[in-house]
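Colleague: Requesting a structural model of the entry that follows:
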Amino acid sequence: QLQLVESGGGLVQPGGSLRLSCAASGFALDSYAIAWFRQVPGKEREGVSCISRRGGITKYADSAKGRFTISRDNAKNTVYLQMNSLKPEDTAVYYCAAERRDASCYYSGMDYWGKGTLVTVSS
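Modeller: As a prediction, the model looks like this:
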């Protein structure tokens, strides 16, 4: 069964950090670009960050620049999103998604999606 599973969400105080993981099973992630998205109920899903299949290209939404870092370990079939200096407005369900492509990364045309992990930033 092909699936992506996110983990690492939780409750954190403003200014704190979390590291999200996106683990693949049933397929090799090294053929896929990976993107992280987030969604708040009632709002559109937002692309947060993405990384190319070999990790050479990374992109960040303006809201994530300077605070979030995306990385991948293809040997572990896992992609990470390190989130620092978290703000209440970062509260959302975070999803990872995979797109089979050779170059770059984008926030559309995803082939697989995880079910999400909830991040709550609150004091």
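Colleague: Which strand or helix spans the nearest residue to residue 112 once chain neighbours are set aside?
Modeller: In space, and not counting its chain neighbours, residue 112 is closest to residue 98: 4.5 Å by Cβ to Cβ, 6 or more residues apart in numbering. C-beta coordinates here come from the backbone N, C-alpha and C atoms, glycine included. If you go by DSSP states H and E, residue 98 is part of strand 92-100.
Colleague: what pairs with that strand, and is each one parallel or antiparallel?
Modeller: As defined by DSSP bridges, the strand partners of strand 92-100 come to strand 32-39 (antiparallel), strand 112-113 (antiparallel), strand 117-121 (antiparallel).
Colleague: and residue 49, bridged to which residues?
Modeller: According to DSSP bridges, beta-bridge pairing links residue 49 with residue 36, residue 60.
Colleague: Next: residue 81.
Modeller: Beta-bridge pairing for residue 81 (DSSP bridges): residue 20, residue 70.
Colleague: Counting neighbours, what do you get for residue 32?
Modeller: 25 (other Cβ atoms under 10 Å).
Colleague: ok, back up a step: list the contacts of the residue nearest to residue 112.
Modeller: Going by Cβ atoms under 8 Å, 6 or more residues apart in numbering, residue 98 touches 4, 24, 29, 32-34, 110-112.
Colleague: how close does it get to residue 18?
Modeller: Look at residue 98 and residue 18: by Cβ to Cβ, to the nearest Å, they are 21 Å apart.
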